[in-house]
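A.B. asks: okay, predicted coordinates and the sequence, questions at the end:
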Amino acid sequence: MTKQLSLFTENKRGALKKITKTLKTADININTMLSNDSAEYGIIRMIVDRPEDALKALTDDGYMCRLDDVIAVNMPDDPGSLHIILNALDEGRINIDYLYISYDRKAATPIAILKTSEPETRTFLEGRGFTIAEDL
């Protein structure tokens with residue numbers, strides 16, 4: 001499984017800059033990042049090279065954060081690739097909590113980062129012939 005760092009931050013100017021400064025100071029590389037916001041707060045989700053160290057650095061800096069297991073599915077850079085993954089999950093009756101698209105630099109392919117509550121999701125996808133990315 002891939003570890004994803006999620007943290008809450010105020011939705012104000014300079015908030016992302018402060019987060020990236022903390023990670024830069026700790027010599028942590030951000031591989032994937034997604035920012036969602038509401039009127040007052042934002043949720044930042046990221047995959048970094050050293051998730052436990054990032055969690056400690058950000059927690060020490062006052063952020064409320066946690067690590068979650070997510071699945072990174074390699075997919076061809078072709079129209080309909082995401083649909084094929086989603087169709088397989090639907091056929092397996094697996095619900096997706098959230099999903100975003102990023103890029104696997106090592107495999108040079110897009111990846112679908114997905115979070116589910118179903119513990120069998122990875123095994124199910126691998127059984128359907130999908131490749132799961134590791135060490136993003």
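C.D. replies: That came in fine, so what should we check first?

A.B. asks: can you list the buried residues in stretch 100-109?
C.D. replies: Across stretch 100-109, burial judged by 16 or more other Cβ atoms under 10 Å covers 102, 104, 109. Bear in mind the C-beta positions are built from the backbone N, C-alpha and C, glycine included.

A.B. asks: check contacts around Ser6.
C.D. replies: By Cβ atoms under 8 Å, 6 or more residues apart in numbering, Ser6 lies in contact with 43-45, 65-68.

A.B. asks: which ChimeraX command selects the buried ones in these?
C.D. replies: Selection command for ChimeraX covering only the buried members of those, criterion 16+ other Cβ under 10 Å:
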select :44,45,65
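
A.B. asks: let me know the closest of the contacts of Ser6 to Gly129.
C.D. replies: Asp68 (25.4 Å; Cβ to Cβ).

A.B. asks: secondary structure class for the residue lying closest to that closest one once chain neighbours are set aside?
C.D. replies: Take Asp68 and drop its neighbours on the chain: the residue closest to it by Cβ to Cβ, 6 or more residues apart in numbering is Gln4, 5.0 Å away. At Gln4, secondary structure determined by DSSP: H, G, I helix; E, B strand; the rest coil is strand.
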